[in-house]
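K.L.:
Next comes the sequence, and after it the predicted model I'd like to discuss.
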Amino acid sequence: MKKKPIVSRQFSIVLVLLAMVVIAGCHTEGKQTGMAVINSKEVVTKCNAGIQVSQDIQHEFADRQSDLKKQEEAIRQLQNDPALSDPKSGKKDELQRLVNAYVGANQQFRQDVTNVETAKYKPVLDKINKVLAEYAKAHGLLSIQDKNGFAYVDPSIDITETIIKQVDQEK
């Protein structure tokens with residue numbers, strides 16, 4: 001059983017949507033404008049608010065994650081039990097019950113993590129969006145895009161660290 005990171009695919013989707021909202025929210029109003037790039041995942045995970053949310057989520061789900069690890073270990077031990085090959089031992093049925101319980105608990109865990117992430121990261125994403133919109137307006141930018149979509153980005157247009165600092169200063 002592989003250990004899966006707590007950060008979900010849906011969270012990654014939220015990051016992409018964040019970049020799209022910023023792009024859609026910037027208007028040219030007839031001006032010549034430039035563009036900048038950010039690593040949106042880095043902004044979310046390195047700003048103080050994002051770090052705090054991540055720690056809160058880790059703490060909130062630590063016991064359940066520990067329980068899942070214990071279930072994984074029980075399954076491994078039973079898989080290595082020599083009595084498993086004896087049909088009269090009942091070990092195959094026991095293993096199947098453990099695996100079914102683990103799968104159900106793991107699916108519920110992932111769903112619960114996703115729901116909590118969505119709720120807890122929303123204020124962080126709102127704050128980031130506000131900072132990005134203000135930065136774009138102040139610097140006459142048409143767009144701020146996620147740099148992970150590009151093969152090459154000139155470092156001079158990467159504003160990731162600047163945005164992290166501004167998000168940390170935002171009340």
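P.N.:
The structure has been received and is ready for your questions. Residues are numbered from 1 along each chain as shown.
K.L.:
Identify the bridge partners of Ala36.
P.N.:
Ile144 (DSSP bridges).
K.L.:
Below-threshold pLDDT in this protein: ranges please.
P.N.:
Low-confidence segments of the chain (pLDDT under 70): 1-33.
K.L.:
the strands in it, which residues?
P.N.:
34-38, 141-146 (DSSP state E).
K.L.:
Figure out which of those strands is closest to Lys127.
P.N.:
strand 34-38 (14.0 Å; Cβ to Cβ). For the C-beta atoms, the positions are set from N, CA and C on the backbone; glycine is no exception.
K.L.:
Next, the buried residues of the closest one.
P.N.:
36-38 (16 or more other Cβ atoms under 10 Å).
K.L.:
Make JSON lines from the strands of the chain and add distance to Arg110 to it.
P.N.:
What follows is those, written out as JSON lines (distance: least, Cβ to Cβ, whole Å):
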{"stretch": "strand 34-38", "distance to Arg110": "28"}
{"stretch": "strand 141-146", "distance to Arg110": "25"}
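K.L.:
Go through the buried residues of strand 34-38 and say which is closest to Phe61.
P.N.:
Closest to Phe61, out of all of the buried residues of strand 34-38 and judged by Cβ to Cβ, is Ile38, at 28.1 Å.
K.L.:
Tell me which residues touch that closest one, please.
P.N.:
19, 132, 144-147, 158-160, 163 (Cβ atoms under 8 Å, 6 or more residues apart in numbering).
K.L.:
Most neighbours of all these, which one?
P.N.:
Scoring those on neighbours with other Cβ atoms under 10 Å, the highest-scoring entry is Leu132 at 27 neighbours.
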